[in-house]
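[1] okay, sequence plus prediction incoming.
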Amino acid sequence: MHKNSKKQKSFQKNNKAKAETHSSQRESLSEKKTFNRRKPNGVIK
């Protein structure tokens with residue numbers, strides 16, 4: 001094990017949280033895209 005295993009763990013935790021928020025953002029973005037696609041042309045703002 002490395003000396004900075006604790007630091008590594010917290011780093012991984014932060015990365016996981018970042019990835020989760022990123023994926024949720026991407027999901028909402030794709031939702032918006034599909035929602036816009038469903039609208040008739042000209043209504044998309």
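    It's in.

[2] which residues of the chain score low on pLDDT?
    Under the criterion of pLDDT under 70, the regions of the chain flagged as low confidence span 1-2, 4, 32-45.

[3] can we see that at 80?
    Across the chain, the stretches falling below the confidence threshold (pLDDT under 80) are 1-8, 11, 14-15, 17-45.

[4] which residues in it form helices?
    In order along the chain, the chain carries the following helices (DSSP state H): 5-38.

[5] and the gap between Ser30 and Ser24?
    11 Å (Cβ to Cβ, to the nearest Å). Any C-beta I mention is one placed from the backbone N, CA and C, and that applies to glycine too.

[6] over to Asn14?
    With distances defined as Cβ to Cβ, the gap from Asn14 to Ser24 amounts to 16 Å.

[7] also Asn15?
    When Cβ to Cβ is the yardstick, Asn15 and Ser24 sit 15 Å from each other.

[8] do the same with Gln8
    Between Gln8 and Ser24 the computed distance is 25 Å (Cβ to Cβ).

[9] show me the contacts for Lys16.
    Under the criterion of Cβ atoms under 8 Å, 6 or more residues apart in numbering, the contact list for Lys16 is empty.

[10] gap between it and His22?
    The span separating Lys16 from His22 equals 11 Å under the rule Cβ to Cβ.

[11] equivalent analysis for Asn14, please.
    Going from Asn14 to His22 by Cβ to Cβ gives 12 Å.

[12] what does Gln12 give?
    Taking Cβ to Cβ as the measure, Gln12 and His22 are separated by 15 Å.

[13] next: Glu31.
    The span separating Glu31 from His22 equals 15 Å under the rule Cβ to Cβ.

[14] equivalent analysis for Phe11, please.
    16 Å.

[15] for Lys6, grab the count of nearby residues.
    Using other Cβ atoms under 10 Å, the number of residues around Lys6 comes to 9.

[16] one more: Leu29?
    A count of neighbours around Leu29, defined by other Cβ under 10 Å, yields 9.
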